[in-house]
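Chemist: I'll drop the sequence and a predicted model, then ask my questions.
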Amino acid sequence: MPASLFITTLIARPGTLDPALVTSLRHAWGGGEAVWLAPGTAAEFRMPEVPGNRGEVWQDLQTQGVDLVVQPGAGRRKRMLLADMDSTMIEQECIDELAEVAGVGPHVRDITARAMNGELDFEGALLERVALLKGLPDRVIREVLDTRITYTPGGAELVATMRAQGAYTALVSGGFTAFTGPVAAHLGFDEHRANTLLAADGSLSGDVARPVLGRAAKVQALKEITARLGLSEAEVIAVGDGANDLGMLGRAGTGVALHAKPSVAAQCDIRIHHGDLTALLYVQGYRREEFAPRP
């Protein structure tokens, strides 16, 4: 495939992608024949150049519940997945769920939302929220995992398919190892990194081990893991939703803002608002029949 060739991918909720829309855009942009990666869900076509009205078309398609990705065709399939956890691989923010049990839910949720939107310093916001959990029995972590945490659709297929194709998968979070450990094991990640909640005598102490892992730590994970595996950063696909993910999203070969905060999405070229985590497979050109079975 010539390096100058570009690929347009259209992704929607299952069964809602109209073939007529795909055909119309393909004709308008002078694209090649449409290839359906999943009937009614994802399709792509090749183009010789990036259309000048891509941004305008993206906005229009958003109103129709369709995500649009335009990218170079060469090197789309990646050899490493680097993923955020909270509100990305799972549908909640773990610290918010702990805070609900501790009786400080609304206050902590407000701080979390502002931090993820880039309005607050991540480290300071994390320490402030963790301090509010002081005295909470550490057994609550297991209860939250069992009763309050749900997995984002498509995550298991994403990890399983990339691993089946020989890719390495890493879960990196500004959250806590008490959650990334079980989540990584459930989804089949090769490794995980996060902050460590401190506890004593069966209760949370209201602090985390230093150094605090935030935006810089996610970039460091990208650098360290690729160096260890002999990969280039261009061979990585990264996914996240918050301001502390922007560093790794910007450095990875493909950075995907998934259902991201507005200020975060505005800084990313690839934005998925309607599809689930399988969108990362369609962006790489995988067909639905190529997906590996869930573990």
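Modeler: Ah, there it is.

Chemist: separation between residue 56 and residue 23?
Modeler: Going from residue 56 to residue 23 by Cβ to Cβ, to the nearest Å gives 19 Å. Backbone N, C-alpha and C define where each C-beta goes, glycine included.

Chemist: So between the two, which is more surrounded?
Modeler: Legend: neighbour count by other Cβ atoms under 10 Å for residue 56 and residue 23, higher for residue 23 (14 against 10).

Chemist: Am I right that that one is in a helix?
Modeler: Yes: applying DSSP: H, G, I helix; E, B strand; the rest coil, one finds residue 23 inside a helix.

Chemist: From residue 268, how far out is the nearest residue to it once chain neighbours are set aside?
Modeler: Nearest residue to residue 23 in three dimensions, chain neighbours excluded: residue 34, at 6.8 Å (Cβ to Cβ, 6 or more residues apart in numbering). Distance, residue 34 to residue 268, using Cβ to Cβ: 25 Å.

Chemist: what's the following helix or strand after the longest helix anywhere in the chain?
Modeler: With secondary structure taken from DSSP state H, the chain has its longest helix at helix 215-229. Downstream of helix 215-229, the next assigned helix or strand under DSSP states H and E is strand 236-240.

Chemist: what is the orientation angle of that following strand with helix 215-229?
Modeler: Strand 236-240 runs at 160 degrees relative to helix 215-229, counting by axes from the mean of the first three to the mean of the last three Cα atoms, to 10 degrees.

Chemist: and strand 236-240, which strands flank it?
Modeler: Paired strands of strand 236-240, with direction, are strand 80-83 (parallel), strand 254-258 (parallel) (DSSP bridges).

Chemist: Any chance you could list what contacts the following helix or strand past that strand?
Modeler: Per DSSP H and E, the first helix or strand lying C-terminal to strand 236-240 is helix 246-251. Residues external to helix 246-251 that are found in contact with it (Cβ atoms under 8 Å, 6 or more residues apart in numbering): 82, 118, 172, 215-216, 218-219, 221-222, 233, 238-240, 255-257, 264, 267-268.

Chemist: Point to the residue nearest the middle of the protein.
Modeler: With distances taken as Cα atoms, centre = their mean, residue 239 lies nearest the centre of the chain, 2.9 Å away.
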